[in-house]
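In: Structure here, sequence nowhere to be found:
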């Protein structure tokens, strides 16, 4: 018997543990074939993390997770891409955001998980994407979840909140803008 998913943010868990799932892969498919940058903004508890998880598994080539979905026969799951996945969801008053990123950032490629230091010493998403591209020869998929958590965590300290806003702006947003789709 299928279960009702409450708070499940991992697509693989949702499918393998037999939860109900309403297929949204047609929307995801149309989003992905447009080959643009997207900022997904929806209310809390509206499935943003689950959507990013689904995209991660698509680009990792996990075809069997998508059986009985719209996208199953529309995508060549053998064509995989390196996926940089960073979720700030568990960031809570971490002493240093760089230390958090070094611990939590994951790079998925060819069935393996890599860390930031496998490619570069400091966090700059543009540099990281270029290094991964140089090593793999494949377009890099970058998924950042809960990007605003560092700022929101420090709202009671205006100076720290502003520091993390600038950090995110310089490390993530500005470096993505000039990157071409094929480097």
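Out: Right, received. Where do you want to start? All values reported here derive from a predicted model rather than from experimental measurement.

In: Low-confidence ranges, the protein, go.
Out: 38-46, 93-95, 170-183 (pLDDT under 70).

In: what ranges do the strands span in it?
Out: Secondary structure of the chain, counting by DSSP state E: strands at 83-87, 106-109, 112-114, 141-145.

In: which strands and helices sit next to the third one?
Out: Strand 112-114 sits against strand 106-109, with contacts defined as 3 or more CB pairs under 8 Å, 6 or more residues apart in numbering; DSSP states H and E. To be clear about C-beta, it is placed using only N, CA and C from the backbone, and glycine gets the same treatment.

In: Look up how far residue 107 lies from residue 149.
Out: Note on residue 149: its distance to residue 107, by CB to CB, to the nearest Å, is 20 Å.

In: oh sorry, the question was meant for residue 71
Out: Distance from residue 71 to residue 107, by CB to CB: 23 Å.

In: before we move on, what about residue 15?
Out: Counting by CB to CB - residue 15 and residue 107 are separated by 23 Å.

In: Buried residues, stretch 18-37. List them.
Out: 21, 24-25, 28-29, 32 (16 or more other CB atoms under 10 Å).

In: residues near the closest residue to residue 144 other than its chain neighbours, how many?
Out: Nearest residue to residue 144, sequence neighbours excluded (CB to CB, 6 or more residues apart in numbering): residue 86, at 5.0 Å. If you count neighbours by other CB atoms under 10 Å, residue 86 ends up with 22.

In: cool, the one 10 residues further on as well?
Out: When neighbours are counted by other CB under 10 Å, residue 96 registers 8.

In: and what of residue 52?
Out: With other CB under 10 Å as criterion, residue 52 counts 21.

In: I'd say it and residue 145 touch.
Out: Yes: using CB atoms under 8 Å, residue 52 is in contact with residue 145, at 5.1 Å.

In: ok, and for stretch 77-85, which residues are buried?
Out: Buried, per 16+ other CB under 10 Å, within stretch 77-85: 77, 80-85.

In: just those residues now: which is nearest residue 9?
Out: residue 85 (12.1 Å; CB to CB).

In: you'd agree the closest one is up against residue 106?
Out: Yes: with contact defined as CB under 8 Å, residue 85 and residue 106 form a contacting pair (5.0 Å).

In: Dihedrals phi and psi, residue 9?
Out: Main-chain torsions, residue 9, degrees, to the nearest 10: phi -110, psi 0.

In: That one: what's it in contact with?
Out: Contacts for residue 9 (CB atoms under 8 Å, 6 or more residues apart in numbering) come out as 49-50, 53.

In: This completes my enquiry, with thanks.
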